[in-house]
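> model the following, please.
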Amino acid sequence: MVIIPEFIRQFFPWVILHRRKQAFRQQVAHLRHHFHTPDVLEQSAIVIQRLEQLPEFKQAKVVMLYYPKHHEVDLRPILQKYQNEK
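Residues are numbered from 1 along each chain as shown. Coordinates of the predicted model:
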């Protein structure tokens, strides 16, 4: 744990937020690292199914996605399914 001097907390509150975000990202990365590929694919399918049900997704003409890395949600099936529609 890093101790942040009081004057930094008082005059630079974004430093604390930045540190909290870093810690949160590290926790998420640690959890993600312990997922097995079948679990990731199963959860990804659930996310995709829910995403496809959203009115915003249904009405969208353009959808931007990210390429998964390190056990992130895999949205590539959406690319394949909707590549000629959106």
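> which helix runs longest in this protein?
Taking DSSP state H as the criterion, the chain has its longest helix at helix 13-33.
> for it, the distance to its chain's centre please.
13 Å (Cα atoms, centre = their mean, to the nearest Å).
> got it, and stretch 30-38?
14 Å.
> quick one: end-to-end distance for that stretch.
18 Å (Cα to Cα, to the nearest Å).
> could you do stretch 27-40 as well?
First-to-last residue span, stretch 27-40, Cα to Cα: 17 Å.
> can you list the buried residues in that stretch?
V40 (16 or more other Cβ atoms under 10 Å). The C-beta positions use only the backbone N, C-alpha and C, and glycine is treated the same way.
> and it, what's its mean pLDDT?
Mean pLDDT, stretch 27-40: 80.
> could you number the chain from 44 rather than 1 from now on?
Will do, 44 is the new start, and the previous item becomes stretch 70-83.
> hmm, who's touching that stretch?
Residues outside stretch 70-83 that contact it (Cβ atoms under 8 Å, 6 or more residues apart in numbering): 86, 113-117.
> let's see 7 Å
113-115, 117 (Cβ atoms under 7 Å, 6 or more residues apart in numbering).
> one more: stretch 97-113?
With Cβ under 7 Å, 6+ apart, stretch 97-113 has contacts from 75-76, 94, 117-118, 121-122, 125, 129.
> keep only those of those residues that are in helices.
Reading helices off the contacts of stretch 97-113 with DSSP H, I get 75-76, 94, 121-122, 125.
> how many residues are close by R93?
10 (other Cβ atoms under 10 Å).
> which secondary structure element contains Y109?
Under DSSP states H and E, no helix or strand contains Y109.
> against R63, how distant is it?
23 Å (Cβ to Cβ, to the nearest Å).
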